[in-house]
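Colleague: Provided below are the primary sequence and the corresponding predicted coordinates.
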Amino acid sequence: MTIEELEQIAKNVKQENEKYDYEINVCMDLACASQGADKLKDALVKAAEAGAKKVLVRRTGCMGPCSHGPLVRVDPEERLYRRVNASHAEAIVKSLGGAPVPELQCDLDEHFDKQVRVVLENAGYIDPEKIDDYIARDGYKALLIVLTEMTPSGVIHRITESGLRGRGGGGYPTGLKWGTVAKAAGDVKYVVCNGDEGDPGAFMDRSVMEGDPHRVIEGMAIAAYAVGASKGFIYVRAEYPVAVSRLTTALREARRHGLLGNNICNTPFNFDVEIRLGAGAFVCGEETALIASIEGRRGTPKPRPPYPASSGLWGKPTLINNVETYANIAPIVRNGGKWFFNMGSERSKGTKVFALTGKIANTGLVEVPMGIKLREIIEEIGGGVPGGHTFKAVQTGGPSGGCIPADMLDVGVSYDALLKMGSIMGSGGMIVMDDTSCMVNVARFFIEFCMTESCGKCIPCRAGTAQMFTLLTRICDGTGTMADLALLEDLCSTVKETSLCGLGQTAPNPVLSTLKYFRNEYIEHIVHKRCPAGVCQMEAVKSESEVVA
Amino acid sequence: MSVETDVKTLVIDEQEVSARAGQTILEVARENDINIPTLCHLEGLSDVGACRLCLVEIKGSNKLLPACLATVQEGMEVSTNTERLQKHRRTILELLFAERNHICSVCVSNGHCELQTLGQEQGLTHIRLPYRNPELNVDASHERFTLDHNRCILCTRCVRVCSEIEGAHIWDVMGRGINSLIISDLHQDWGSSACTRCGKCVQVCPTGALFDKSKIGSDHPKYPEFLPYLNLMREAQ
């Protein structure tokens, strides 16, 4: 494959698409598919064949606002229809070129206007199983540019220049990590993609892998060239069967096009990727545990140093990045580091994909420039809290993150700002809670998650989270005391400071942040045996009143 | 011909010490009679850094480092017994005592137990945490030894000694988190496993979780000191 051949493919696809007057894109991501998007697509194909106009019906990855699904977008008018089902197919095809179908119209301009799409630039525009669709949208161009025009150190320089930081949660500067692996001694090096997204309420990586799998592969290939690796692994959880099958197809197609394999683009560069499935352990998202799991051992973390950059898979220097980090690579190479650097806030560059869930009108995937205010994400892009309820808190960063209250919503989103507020960026889950959520119960939910997902290797995380869960359950039951609360705070500090890996070190965050911002709710539970949100059932109160009666 | 040794000098608890490059903080501290409590560490076995009791403070860093794995650096200032560390150590020991059923008075290792000794050393007078009191099995199927999960602290010394020294690897860990359990082979009875009956795991077990049947109810001291000696003799061969 050469650049000329790549351009020829892109040209052919464009010519093919020009034969059609209209394109109907059907979102077939999980949320839409579960509501009958596949039947809808079949109906649209049938209706299009029966009609006189030339219409291309295409399945695409996630378009974003999942709560409005199934979604359909008609191009070139860029008309978005929501809550579409198979019975609407004929009306949609009939309306082409005329007025839009009134009952399906949706006004989501505010939702889309504030977003900047880099990682999700192809989401909703390409068929994830067609490599040609990806190539037509500048796909693999960055890889071929890198292989034919750039040195490995030039690539690393460009990534460093962009200011990109790891999107998996830690926010480590990507260029620095690549540079370390490139400098590490050894002929055999590995590139690993961490697709073990396990945070409750997070689905950014799944959408990228399902909707635009080639973008991840291209990013990995560029990384491999930069650090001097010839073998890559994508570690993806087995709970994402669609992502696995899309990636498998994508890898096969890329090999067939000579974009993976030996002597890619007639250069001495060889690279291929293998998929490894996770067996359902959250802790395997931690890089040392992930390495153990790929090697076929029990997925438990190891103390660092040595860091994977010097001793990773089978003791070889290994580069581990998250799905979203790799997805940012191709656009940075194509558009230059400066372009990326100019987006975002002072110390957090570029854009970030968030999975908006919980008590919010427009749940789904959004991509926003770093530095945007939380309020803009929640009230403007997310459409605010529905049902007349009031906003209470937003939980970012999954079980390792914290709850941010309403009066802090005007802070710009960045790695450092979130850390300061007692939360983390994490991989990008954002759970919105309203006045019907009990913050003690929320803290208990996340601690339960960490307890069941703890690997059991180190004592503070194994026994500490279990004890914290017991104490929180007491408080929720109404049997907790102020001594329990003091003990809980004491445990938080030990678990946070002494645990072996990131899972344990961050597990107390939901408790600490709710204690910081919603301490009165804990006190209400303990002293007045009352749950302000009306979520917790108080055993103690019941038994006391029975005694009086 | 002289072999050049890279010597590092550092300060541990305000005491100036010297060390070879690559030595761990724990090794150097013990050479200089500075006591750092450990539980999962055992001389002669690989280190896993799991018990978190040997965490030490390094001046200039807020992060606590496991002394069993952290190597010495030139000029580093290590504190091994600050108030912060003492508090964490006591909490970790409390977590262990409350995790399973550690009732010293009816334990074969009473008086010879590393967990018990550590509790005494760290001034642990009572447990503030609720006892979990799990219902766990006792595996007495082996003709010579018994495994009592109630007294196990999951330090994985038995797993490591069986795999690294004996080479049988019959022990491993099953499950995760608070439900982790030491198992023999693929969760078979110890008696029907591929155990070589060498008894190394019993000798390295810090508590009464693994014990010799012939010593029930009597004093059961353990002698893990054989390990470094065995390693030395093997290397000499």
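Modeller: Okay, I see it.

Colleague: only C-alpha atoms for contact and neighbour calcs from this point on.
Modeller: Fine.

Colleague: count of neighbours near whichever residue of chain B sits closest to chain A?
Modeller: Closest approach of chain B to chain A (Cα to the nearest Cα) occurs at B:Gly177, with a separation of 3.7 Å. Residues contacting B:Gly177 under the criterion other Cα atoms under 10 Å in any protein chain shown number 22.

Colleague: Residue numbers of chain A in contact with chain B?
Modeller: Applying Cα under 8 Å from any Cα of the partner chain, one finds that chain A approaches chain B through A:302-303, A:451-464, A:466-467, A:487, A:491, A:494, A:497-500.

Colleague: got the contact list for the residue of chain B closest to chain A?
Modeller: A:451-457, A:461-463 (Cα atoms under 8 Å, 6 or more residues apart in numbering or on different chains).

Colleague: Swap in 6 Å and give it another go.
Modeller: A:454-456, A:462 (Cα atoms under 6 Å, 6 or more residues apart in numbering or on different chains).

Colleague: Same check on A:Gly502?
Modeller: A:Gly502 makes contact with no residue under the criterion Cα under 6 Å, 6+ apart.

Colleague: what's the spacing between it and A:Phe282?
Modeller: 11 Å (Cα to Cα, to the nearest Å).

Colleague: Next: B:Leu154.
Modeller: B:Leu154 sits 21 Å away from A:Phe282, going by Cα to Cα.

Colleague: And the furthest pair within the contacts of B:Gly177?
Modeller: A:Cys455 and A:Arg462 (7.1 Å; Cα to Cα).

Colleague: what are the phi and psi values for A:Gln105?
Modeller: Backbone torsions for A:Gln105, taken as degrees, to the nearest 10, come to phi -60, psi 150.

Colleague: where exactly do the strands run in chain B?
Modeller: B:7-12, B:15-20, B:55-58, B:64-66, B:77-79, B:138-139, B:145-148, B:171-174, B:181-184, B:210-212 (DSSP state E).

Colleague: got a markdown table for the ones you listed, with distance to B:Gly44 too?
Modeller: Shown next, in a markdown table, are the strands of chain B (distance: least, Cα to Cα, whole Å):
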| stretch | distance to B:Gly44 |
| --- | --- |
| strand B:7-12 | 23 |
| strand B:15-20 | 19 |
| strand B:55-58 | 20 |
| strand B:64-66 | 17 |
| strand B:77-79 | 24 |
| strand B:138-139 | 27 |
| strand B:145-148 | 22 |
| strand B:171-174 | 18 |
| strand B:181-184 | 21 |
| strand B:210-212 | 19 |
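
Colleague: Identify the bridge partners of A:Glu367.
Modeller: With DSSP bridges as the criterion, the beta-bridge partners of A:Glu367 are A:Val353.

Colleague: Next up, the contacts around it.
Modeller: Taking Cα under 6 Å, 6+ apart, one finds A:115-117, A:352-353 in contact with A:Glu367.

Colleague: mind redoing it with 8 Å?
Modeller: A:115-120, A:351-354.

Colleague: how many neighbours does residue 15 have?
Modeller: The chain I'm using is chain A. 11.

Colleague: oops, I was thinking of chain B
Modeller: 13.

Colleague: Kindly report the same for A:Val84.
Modeller: Counted with other Cα under 10 Å, residues neighbouring A:Val84 total 23.

Colleague: I'd guessed it sits against A:Val72; true?
Modeller: Yes. Using Cα atoms under 8 Å, A:Val84 is in contact with A:Val72, at 7.1 Å.

Colleague: one step back: let's see which of the residues of chain A next to chain B end up in helices.
Modeller: Among those, DSSP state H puts A:451-453, A:459-464, A:466-467, A:487, A:491, A:494, A:497-498 in helices.

Colleague: Which helix or strand contains A:Ala224?
Modeller: helix A:213-227 (DSSP states H and E).

Colleague: Could you list the alpha-carbon positions for that helix in CSV?
Modeller: In CSV, the C-alpha atoms belonging to helix A:213-227 read as follows (Å, rounded to 0.1, in the frame of the first residue of the first chain):
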residue,chain,number,x,y,z
PRO,A,213,-11.9,0.5,15.1
HIS,A,214,-9.3,1.5,12.4
ARG,A,215,-8.5,4.7,14.2
VAL,A,216,-7.2,2.7,17.2
ILE,A,217,-5.2,0.4,15.0
GLU,A,218,-3.7,3.3,13.1
GLY,A,219,-2.7,5.0,16.3
MET,A,220,-1.1,1.8,17.6
ALA,A,221,0.9,1.3,14.3
ILE,A,222,2.2,4.9,14.5
ALA,A,223,3.2,4.3,18.2
ALA,A,224,4.9,1.1,17.2
TYR,A,225,6.9,2.9,14.6
ALA,A,226,7.9,5.6,17.0
VAL,A,227,9.0,3.3,19.8
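
Colleague: which stretches of the chain have low pLDDT?
Modeller: In the absence of a named chain, this looks at chain A. Applying pLDDT under 70 to chain A flags residues A:540-549.

Colleague: right idea, wrong chain: chain B
Modeller: In chain B (pLDDT under 70), the answer is B:1-4, B:216-218.

Colleague: 90 - rerun?
Modeller: Chain B contains residues with pLDDT under 90 at B:1-6, B:106, B:214-221, B:235-237.

Colleague: ok, which residues in it are in contact with chain A?
Modeller: Checking chain B against chain A by Cα under 8 Å from any Cα, the hits are B:48-52, B:55, B:63-64, B:88, B:91-92, B:95-96, B:99, B:128-130, B:154, B:176-180.

Colleague: The same query, at a cut-off of 6 Å, please.
Modeller: Counting by Cα under 6 Å from any Cα of the partner chain, the positions of chain B adjacent to chain A are B:50-51, B:88, B:95, B:176-178.

Colleague: OK, contacts around the most centrally placed residue in chain B?
Modeller: Per Cα atoms, centre = their mean, the C-alpha nearest to the average position across chain B is that of B:Cys40, at 2.3 Å. By Cα under 6 Å, 6+ apart, the residues touching B:Cys40 are B:51, B:155.

Colleague: Mind doing that once more with 7 Å?
Modeller: Contacts for B:Cys40 were tallied using Cα atoms under 7 Å, 6 or more residues apart in numbering or on different chains; they are B:50-51, B:155, B:157.

Colleague: could those be laid out in CSV, adding neighbour count and distance to A:Ala52?
Modeller: Formatted as CSV, the contacts of B:Cys40 follow (neighbours: other Cα atoms under 10 Å in any protein chain shown; distance: Cα to Cα, whole Å):
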residue, neighbour count, distance to A:Ala52
B:Ala50, 27, 70
B:Cys51, 26, 73
B:Cys155, 22, 73
B:Arg157, 25, 76
